[in-house]
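Student: I'll drop the sequence and a predicted model, then ask my questions.
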Amino acid sequence: MSSSEKPIEAVIGLEVHCQLSTDSKIFATSSTAAGEKPNSLTDPVTLGLPGCLPVLNKKVVEYAIKLGLATHCEIQRESVFARKHYLYPDLPKGYQISQYEKPICLDGHVSVRLKDGVKRIGITRIHLEEDAGKSSHVDDEAISVVDLNRAGVPLVEIVSEPDIRSSEEAGAYMRLLRQTVRYLDISDGNLEEGSLRCDANISVRYEGEEKFGTKVEVKNINSFRYVEKAIDYEIERQSEMLRNGEAISQETRLWDEAKGKTRSMRSKEFAEDYRYFPDPDLLPLMVETDWIESIKEALPELPDQMFERFKSMYGLDDYNADVLTQESLVARYYDQAVSVHGNPSALANWMGTELFGRLNKEGKTIEDCPVSPENLADLVRLIDEEVISGKIAKKVFDEMFSSGARPEAIVEQQGLRQITDESAILAIVEQVLEANPQQLEAYKSGKDKMFGFFVGQVMKQSEGKANPQLVNKLLKEKLT
């Protein structure tokens, strides 16, 4: 088989940086708030002033342990902070405090759900480090400005094994990590604001080969879609070079969304270039077993656990279980609604269509939803008890969303109770048939589609309040 015919596979590893939602920075007391005036959230430690010593934020360690336990890592009883040296304007000290040889978490894994099944992706390590500041270029001027508010914000870096083989797998892995940190309430996982960022290491080789190809790193991708697009572009670019016998350079590239391609940034650094050594200002981090166990006992129900429970407890299919467990607040809303009225399927449908649709339209989230889970459950109960029809329920829901009122109150105030009196519905049926002789004759001559016309007329005349099942039953009896 010629090289042009051999199948090529990609080998991908992701380095995901996640900002932790602590009130203060990892080694200093200044705030981690976003959106503040540039350089207003600094202090002597953040600025790297001489003689200022870092002090580790205990909450940061707790959050890292939570994530390590959630991703099946081994929590290290001893880890060490190191200095990673590079000279950037947004790094005042001239080095970043990170972890190198002894990170806090090792040897974990997660399982991602894909179209063709579940895949396990290994996690090499999770380590703690401080974020750098932010450099911005000024339009039409040959200068850059630096904002050090972000400098010192705590990060965890999650380094995967090179187990990923496609952009689909990479996207699923990143989405699961974001979902996990949000369930743990240790980060908002906001990609647009840079709380979650990804460096993708991509190489290609002919299928069956064991040796890895030359690795190319694509830096600082802050969107699931961009991660997938950048990986697809690199696989195609490197595959073409491999088939043509061209040498692939080990380099760092950036994703250019406007051009839909990656572009070269610099040659790839090696670990030696950073001159790592243990930070002499920070003692080794010692984590007691009792502390790890207490954190483990307090862990919330995690996304995969919630997904499986929703399927087994509520009988949901994969799609609905996935939709309802994407966010922990959504899952809790659903749990609460089902506890009030036990119709899991109907509640899942109402949440997946009417509720989410209206929230998206209004730019709201489940946190500021005006319809409480109890009120949504009561609305479904009114349908199940045939107090209102499904069509009227949508009208009631709109009013609930606008006012936050209880569905029973809306039904009573607006006179929306369903008509279930057969004699009352029969009277309307007879009026409709009498008022439409031509359509009646057409039906009798074999035009069965006219039946729907009569149903519509009865519902219209009853203002949508006639019980649809009774309307169909009585019409069939009258037209037989």
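Tutor: Alright, I've got the coordinates. Numbers count the residues shown, from 1 in each chain.

Student: Can you check the pLDDT for Ile12?
Tutor: Among the per-residue scores, Ile12 shows a pLDDT of 98.

Student: scratch that, Val429 is what I was asking about
Tutor: The pLDDT attached to Val429 in the predicted structure is 81.

Student: Residue numbering should commence at 815 henceforth.
Tutor: Will do, 815 is the new start, and the previous item becomes Val1243.

Student: Can you check my assumption that it lies in a strand?
Tutor: No: the assignment for Val1243 is helix, going by DSSP: H, G, I helix; E, B strand; the rest coil, so no strand is present there.

Student: How many residues are close by the closest residue to it other than its chain neighbours?
Tutor: Take Val1243 and drop its neighbours on the chain: the residue closest to it by Cβ to Cβ, 6 or more residues apart in numbering is Leu1288, 5.1 Å away. The way it works is simple: take the backbone N, C-alpha and C, and place the C-beta from them, glycine included. As a burial measure, Leu1288 scores 21 neighbours (other Cβ atoms under 10 Å).

Student: residue contacts, Leu1288?
Tutor: Residues touching Leu1288, when contacts are defined by Cβ atoms under 8 Å, 6 or more residues apart in numbering, comprise 1236, 1239-1240, 1243.

Student: distance of it from Asn1250?
Tutor: Using Cβ to Cβ, to the nearest Å, we find Leu1288 at a distance of 16 Å from Asn1250.

Student: Equivalent analysis for Ser958, please.
Tutor: In this structure, Ser958 lies at 76 Å from Asn1250, with Cβ to Cβ as the measure.

Student: neighbour count winner among the two?
Tutor: Counting neighbours by other Cβ under 10 Å for Ser958 and for Asn1250 shows that Asn1250 has the greater number, 16 against 11.

Student: what residues are up against the more buried one?
Tutor: When the contact criterion is Cβ under 8 Å, 6+ apart, the partners of Asn1250 are 1267-1268, 1271.

Student: if you set the cut-off to 6 Å instead, what comes out?
Tutor: Contacts here follow Cβ atoms under 6 Å, 6 or more residues apart in numbering; on that basis Asn1250 touches nothing.

Student: Over to the one 5 residues further on?
Tutor: Residues in contact with Glu1255, defined by Cβ under 6 Å, 6+ apart, are absent; none qualify.

Student: Tell me how far it lies from Glu850.
Tutor: Counting by Cβ to Cβ, the separation of Glu1255 from Glu850 is 76 Å.

Student: Next: Thr1076.
Tutor: Here the distance between Thr1076 and Glu850 works out to 33 Å (Cβ to Cβ).

Student: and if you look at Tyr1257?
Tutor: Look at Tyr1257 and Glu850: by Cβ to Cβ, they are 71 Å apart.

Student: re earlier: more neighbours: Thr1076 and Glu850, which one.
Tutor: Higher neighbour count among Thr1076 and Glu850: Thr1076, with 24 against 12, using other Cβ under 10 Å.

Student: wait, isn't that one in contact with Arg1067?
Tutor: Yes: at 4.2 Å, Thr1076 counts as touching Arg1067 under the criterion of Cβ atoms under 6 Å.

Student: who touches both of the two?
Tutor: Between them, Thr1076 and Arg1067 have Val1032 as joint contacts when contacts are counted by Cβ under 6 Å, 6+ apart.

Student: related to what we said a few turns ago, how about the contacts of Leu1288 in JSON lines, adding neighbour count and distance to Pro858?
Tutor: Formatted as JSON lines, the contacts of Leu1288 follow (neighbours: other Cβ atoms under 10 Å; distance: Cβ to Cβ, whole Å):
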{"residue": "Glu1236", "neighbour count": "13", "distance to Pro858": "83"}
{"residue": "Ile1239", "neighbour count": "21", "distance to Pro858": "80"}
{"residue": "Leu1240", "neighbour count": "16", "distance to Pro858": "85"}
{"residue": "Val1243", "neighbour count": "26", "distance to Pro858": "84"}
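
Student: any idea which of these is closest to Tyr987?
Tutor: The nearest member of the contacts of Leu1288 to Tyr987, counting by Cβ to Cβ, is Ile1239 at 56.3 Å.

Student: Which neighbouring elements make contact with whichever strand or helix holds the closest one?
Tutor: Taking DSSP states H and E as the criterion, the element that holds Ile1239 is helix 1236-1249. Applying 3 or more Cβ pairs under 6 Å, 6 or more residues apart in numbering; DSSP states H and E, one finds that helix 1236-1249 makes contact with helix 1264-1275, helix 1282-1293.

Student: do you know which of those helices lies nearest Leu1113?
Tutor: Distance to Leu1113, taken as Cβ to Cβ, is lowest for helix 1282-1293 among those, at 47.4 Å.

Student: gap between that closest one and the chain center?
Tutor: Centre-to-centre, helix 1282-1293 and its host chain are 47 Å apart (Cα atoms, centre = their mean, to the nearest Å).

Student: mind listing what's buried in that helix?
Tutor: Residues of helix 1282-1293 classed as buried under the neighbour-count rule (16 or more other Cβ atoms under 10 Å) are 1282, 1284-1285, 1288-1289.

Student: Same check on stretch 1147-1162?
Tutor: Along stretch 1147-1162, the positions that meet the burial threshold by neighbour count (16+ other Cβ under 10 Å) are 1147-1149, 1151-1152, 1154-1155, 1157-1158, 1160-1162.

Student: Give the residue spans of the stretch 1065-1214 of the chain that score low on pLDDT.
Tutor: Counting by pLDDT under 70, the stretch 1065-1214 of the chain shows low-confidence ranges at 1082-1086.

Student: just the helices in it please.
Tutor: Secondary structure of the stretch 1065-1214 of the chain by DSSP state H, counting those that start in this stretch: the helices cover 1103-1111, 1117-1128, 1132-1138, 1142-1154, 1158-1164, 1170-1176, 1187-1198, 1204-1217.

Student: Kindly reformat those as a markdown table containing distance to Pro906.
Tutor: Below are those laid out as a markdown table (distance: least, Cβ to Cβ, whole Å):
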| stretch | distance to Pro906 |
| --- | --- |
| helix 1103-1111 | 32 |
| helix 1117-1128 | 38 |
| helix 1132-1138 | 44 |
| helix 1142-1154 | 37 |
| helix 1158-1164 | 51 |
| helix 1170-1176 | 42 |
| helix 1187-1198 | 48 |
| helix 1204-1217 | 49 |
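
Student: Tell me which of those approaches Glu1023 most closely.
Tutor: Across the helices of the stretch 1065-1214 of the chain, Glu1023 has its closest neighbour in helix 1117-1128 (32.9 Å, Cβ to Cβ).
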